[in-house]
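Q: Give the three-dimensional model of this entry:
(2 chains)
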There are 2 protein chains.
Amino acid sequence: MKCRVCRAPAVLDIRRHNAAFCREHFVKHCRDQVRRAIDDHDMISPGERVLVAVSGGKDSLALWDLLVGLGYEADGLYLGLGIDEYSAASGRAARTFAGERGLRLREVDLALEYGYDVPGAAATTHRSPCGACGLSKRHVFNSVAVEDGYDVVATGHNLDDEAAVLLGNVLRWETGYLGRQHPILPASPGFARKVKPLYRLGERETAAYCVLVGIDYQVEECPMAEGNRHLRYKEALNLIESASPGSKHDFYFGFLARAADRERERRNEAGPEQDGAAYS
Amino acid sequence: MKCRVCRAPAVLDIRRHNAAFCREHFVKHCRDQVRRAIDDHDMISPGERVLVAVSGGKDSLALWDLLVGLGYEADGLYLGLGIDEYSAASGRAARTFAGERGLRLREVDLALEYGYDVPGAAATTHRSPCGACGLSKRHVFNSVAVEDGYDVVATGHNLDDEAAVLLGNVLRWETGYLGRQHPILPASPGFARKVKPLYRLGERETAAYCVLVGIDYQVEECPMAEGNRHLRYKEALNLIESASPGSKHDFYFGFLARAADRERERRNEAGPEQDGAAYS
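A: Have a look, this model is predicted:
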């Protein structure tokens, strides 16, 4: 297996692109995909201030690293969810990453600043912790961005995330959510612009990126997400992808090319607050 | 586990309906679902002649049995595909079923009447056997129906089939096929009406129906369908269904309620010849 670009031994193959890359050109591939995502959708203009939603996992740290590498002024925001050792380790990963690179990591602790944490909210409301978590994240990331004058909030949703969210929305024909699922949600009064610059990269690629550039990320899945529908949709898509590489890509990009615009036209009430997507 | 209707011990539970039934009321449940499918879509009018596409499997034999039980004049048509012992056993199951019930089974042998069989066609064209098979079935069933004055061709597509076909069409955003996927395709010049009266029943239910009413069906899957995308889509949906009973139902019925009409409006070229569905 040789690098598509330089024919040196490859470190990773990407079956859906029918391509393999050496370390150097794989990193370039990731950067190119993010560059292209940003350019194709006018996600971030030169000189704008970016707030990266940082969980400490592979996606958000890869995203932050890639944005800084591309020259953007990007600060991180870590939200303490109060999920025991999982949250503690996630926070450490985020702090270590920022400290080693001299980047600015902001932190908000749900319990300290809002008086609740995710396990507590789930227990009190008898509802899924993922619902409380997603709502909290959207609220806090947006509030900090609006209050502190960031132009845009960037989240680490990758192709696997977007395809899984899309599958969930399609399985239930959530036409409202379908109309709002897009790599960019424009700003509106009280709401910062939201962008997903990793939507062209699969989660295997963001994990490999972290390993290859030396990012030490939180590898554990959230212990409260077990049984989460989103994870099951990913499994279902992985089953299809393994036999037909490119299925996820075709599903999500086909949606963007054909269905998304139609759904958006049909819905005028599209608001940035309910994009129907879990952040990873 | 007790029968929802009479509280006798149940023989089968149907998780998506949150219901269980004794033998008698399960059979009634199946008949009611087919009755409702036929009525909701005006599939068959009293006195019309029905041609049932019979493969010898659980779905087509259950369908034939149910249609006759509901009082329809229904003949069967078995198409010999030439797939070795699989076809031989399928044909025997169809003949035994018809013979025991005094029903009329017509037979067409692809090799004898058209000069090819499915394995041969696949080898010659270097394409999927399922493609040649589906095309042959659609052609032969329609031709016999038109030539011999049947009003309608009924196929045994069940809810699992329809949901899997829908998933495939959605994953590739096949908007043309999406527009044509419906429990009924009206007649047009040269084409008989096509109906799918089992679309409200899952394949677990059609199998249980056969066992409970004593229909001896071909239980083997077609040996040439291994690796078939349709089967993989079923696996993916089963994964989702097992954690969230009703997912398949909601997916397909949600499509019928919301998306199908819109797709049909968008496409005027809907023709009965390409419904994009494999028959089982």
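Q: and the stretch 101-250 of chain A, which residues reach chain B?
A: A:170-173, A:175, A:227, A:229, A:232-233, A:235-237, A:239-240, A:243-244, A:247, A:250 (CB under 8 Å from any CB of the partner chain). Just so you know, the C-beta spots here come from the backbone N, C-alpha and C atoms, and that holds for glycine as well.
Q: What's the ChimeraX syntax to select whichever of these are buried?
A: Burial among those is assessed by 16 or more other CB atoms under 10 Å in any protein chain shown; the matching ChimeraX selection reads:
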select /A:170,171,172,173,175,229,232,233,236,237,239,240,244,247,250
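Q: Out of the residues of the stretch 101-250 of chain A next to chain B, which sit inside helices?
A: Counting by DSSP state H, the part of those found in helices is A:170-171, A:175, A:229, A:232-233, A:235-237, A:239-240, A:243, A:247, A:250.
Q: And the helices in the stretch 1-150 of chain A, which stretches?
A: Assigned by DSSP state H, counting those that start in this stretch, the helices in the stretch 1-150 of chain A fall at A:23-40, A:58-69, A:84-101, A:110-114, A:118-125, A:129-147.
Q: Could you list every helix and strand in contact with the third one?
A: Okay, so that is helix A:84-101. Helices and strands touching helix A:84-101, by 3 or more CB pairs under 8 Å, 6 or more residues apart in numbering or on different chains; DSSP states H and E, are helix A:58-69, strand A:73-80, strand A:105-109.
Q: Over to the longest one?
A: Secondary structure elements in contact with helix A:129-147, counted by 3+ CB pairs under 8 Å, 6+ apart, are strand A:49-54, strand A:73-80, strand A:105-109, helix A:110-114, helix A:118-125, strand A:152-154.
Q: ok, and what's touching it?
A: A:51, A:53, A:77, A:79, A:81, A:106, A:108, A:110, A:114, A:118-119, A:121-122, A:125, A:150, A:152-153, A:155, A:190-192, A:224-225, A:228, A:230, A:272-273, A:275, A:278-279 (CB atoms under 8 Å, 6 or more residues apart in numbering or on different chains).
Q: got any ranges where chain A has weak pLDDT?
A: Where chain A drops to pLDDT under 70, the residues are A:259-280.
Q: just the helices and strands packed on helix A:84-101: most buried one?
A: Mean neighbours per residue, mean count of other CB atoms under 10 Å in any protein chain shown, is largest over these for helix A:58-69, with a mean of 24.
Q: report the angle between the axes of that helix and strand A:49-54?
A: In terms of direction (axes from the mean of the first three to the mean of the last three CA atoms, to 10 degrees), helix A:58-69 departs from strand A:49-54 by 160 degrees.
Q: Who are the packing partners of helix A:58-69?
A: Secondary elements touching helix A:58-69 (3+ CB pairs under 8 Å, 6+ apart): helix A:23-40, strand A:49-54, strand A:73-80, helix A:84-101, helix A:203-213.
Q: before we move on, back to that, check the ones in helices among the residues of the stretch 101-250 of chain A next to chain B and tell me the two furthest apart.
A: Using CB to CB, the two most remote members of those are A:Thr175 and A:Ala243, lying 29.4 Å apart.
Q: Could I get the contacting residues of A:Asp117?
A: A:80-83, A:110-111 are the contacts of A:Asp117 under CB under 8 Å, 6+ apart.
Q: Next, format those residues as a markdown table and append distance to B:Gly99.
A: As requested, the contacts of A:Asp117 are exported to a markdown table (distance: CB to CB, whole Å):
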| residue | distance to B:Gly99 |
| --- | --- |
| A:Gly80 | 73 |
| A:Leu81 | 67 |
| A:Gly82 | 70 |
| A:Ile83 | 65 |
| A:Leu110 | 71 |
| A:Ala111 | 74 |
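Q: Let me know the closest of those to chain B.
A: For the contacts of A:Asp117, the residue nearest chain B by CB to the nearest CB is A:Ile83; the value is 22.0 Å.
Q: Surely the closest one and A:Met224 touch.
A: Yes. Between A:Ile83 and A:Met224 a contact is recorded at 5.9 Å, counting by CB atoms under 8 Å.
Q: Now the common contact residues for the two.
A: Taking CB under 8 Å, 6+ apart as the contact rule, A:Ile83 and A:Met224 both touch A:118-119.
Q: so the closest residue to A:Glu203 other than its chain neighbours is in which element?
A: What sits nearest to A:Glu203 in space, not counting adjacent residues and going by CB to CB, 6 or more residues apart in numbering or on different chains, is A:Asp160, at 4.4 Å. Using DSSP states H and E, A:Asp160 sits within helix A:159-171.
Q: picking that back up, looking at the contacts of A:Asp117, which has the most residues close by?
A: Tallying neighbours with other CB atoms under 10 Å in any protein chain shown puts A:Leu81 at the head of the contacts of A:Asp117, with 25 neighbours.
Q: That residue is in contact with A:Val108, isn't it?
A: No. Look at A:Leu81 against A:Val108 with CB under 8 Å: they stay out of range, at 10.1 Å.
Q: Could you give the number of residues near A:Pro46?
A: Using other CB under 10 Å, the number of residues around A:Pro46 comes to 7.
Q: meant to ask about A:Ser45
A: 10.
Q: quick one: it and chain B, what's the gap?
A: 31 Å (CB to the nearest CB, to the nearest Å).
Q: just A:Ala192 next, same as before
A: Look at A:Ala192 and chain B: by CB to the nearest CB, they are 31 Å apart.
Q: how near is the closest residue to that residue other than its chain neighbours to chain B?
A: Once flanking residues are discounted, A:Ala192 sits nearest to A:Ala145: 3.9 Å by CB to CB, 6+ apart. Separation of A:Ala145 from chain B (CB to the nearest CB): 33 Å.
Q: Equivalent analysis for A:Ile184, please.
A: A:Ile184 sits 20 Å away from chain B, going by CB to the nearest CB.
Q: what's the burial count for that residue?
A: Residues near A:Ile184, counting by other CB under 10 Å: 19.
Q: Also A:Asp160?
A: By other CB under 10 Å, neighbour count at A:Asp160 equals 25.
Q: same deal with A:Glu220?
A: Count around A:Glu220 with other CB under 10 Å applied: 12.
Q: I figured it was touching A:Tyr86, is that so?
A: Yes. A:Glu220 is within contact range of A:Tyr86, at 6.0 Å (criterion: CB under 8 Å).
Q: Which single residue of the stretch 1-150 of chain A ends up nearest chain B?
A: The minimum distance from the stretch 1-150 of chain A to chain B, using CB to the nearest CB, falls at A:Ser128 (12.6 Å).
Q: so who does that residue touch?
A: So A:Ser128 contacts A:122, A:228 (CB under 8 Å, 6+ apart).
Q: what phi and what psi does the backbone show at it?
A: Note on A:Ser128: its backbone torsions stand at phi -60, psi 130 [degrees, to the nearest 10].
Q: which among the contacts of helix A:129-147 end up buried?
A: So, by 16+ other CB under 10 Å, the buried ones in the contacts of helix A:129-147 are A:51, A:53, A:77, A:79, A:81, A:108, A:110, A:118-119, A:121-122, A:150, A:152-153, A:155, A:191-192, A:224-225, A:228, A:230, A:272, A:275, A:278-279.
Q: how about A:Glu48, what does it touch?
A: A:72-73, A:151-152.
Q: Including distance to A:His29, could those go into CSV?
A: As requested, the contacts of A:Glu48 are exported to CSV (distance: CB to CB, whole Å):
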residue, distance to A:His29
A:Tyr72, 19
A:Glu73, 24
A:Asp151, 27
A:Val152, 24
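Q: now, which of the residues you listed sits nearest A:Gln33?
A: The closest of the contacts of A:Glu48, once distances to A:Gln33 are taken by CB to CB, is A:Tyr72, at 15.3 Å.
Q: Identify the residue nearest the closest one in space, chain neighbours excluded?
A: Nearest one to A:Tyr72, counting by CB to CB, 6+ apart, is A:Val50 at 5.3 Å.
Q: Is the one you found bridged to anything, and to what?
A: Beta-bridge partners recorded for A:Val50 (DSSP bridges): A:Ala74, A:Val152.
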